[in-house]
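# What would the 3D arrangement of this be:
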Amino acid sequence: MIRFEVCPHDTEFKEGLEKWHKTAGYISSILKDDVVFEGVKDYKEDLENIDEENSDLVYTYVEKAYELYKN
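Numbers count the residues shown, from 1 in each chain. Next up, the predicted model:
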């Protein structure tokens, strides 16, 4: 199973969520593995919980990308 996380800026509206669910399905079909999509709802909480990050694939914003890189 692959955990796929997407940034709040692109999941706050229904259209964004639908797009990412389809993307997760597409990735799953290519990799032949289950992909679990998780939309992140809040930037502040997301950065506060970065030490607990356990997603395998992340589409994120610059600040979080930098923090993930540092860790």
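# and the residue sitting furthest away from the middle of the chain, how far is that from I2?
Computed with Cα atoms, centre = their mean, the maximum C-alpha offset from the centroid of the chain is found at K32, amounting to 18.9 Å. When distances are taken as Cβ to Cβ, to the nearest Å, K32 and I2 turn out to be 11 Å apart. In this view, the C-beta of every residue, glycine as well, is placed from N, C-alpha and C.
# L31 too?
7 Å.
# more crowded one of those two?
When neighbours are counted by other Cβ atoms under 10 Å, I2 comes out ahead of the other of L31 and I2, with 15 against 11.
# separation between D56 and E12?
Remark: distance between D56 and E12 (Cβ to Cβ) = 23 Å.
# do K70 as well
When K70 is compared with E12 (using Cβ to Cβ), they lie 26 Å apart.
# and the two? which has more neighbours close in?
Looking at K70 and E12 with other Cβ under 10 Å, you find the greater number of neighbours at E12, namely 14 against 7.
# check contacts around that one.
Contacts for E12 (Cβ atoms under 8 Å, 6 or more residues apart in numbering) come out as K41.
# Check V40 too.
Under the criterion of Cβ under 8 Å, 6+ apart, the contact list for V40 reads E5, V6, C7, P8, T11, D46.
# If you drop the residues flanking it in sequence, what lies closest to the fourth one?
So the one you mean is P8. Nearest in space to P8, with sequence neighbours left out and distances taken as Cβ to Cβ, 6 or more residues apart in numbering, is V40 at 5.0 Å.
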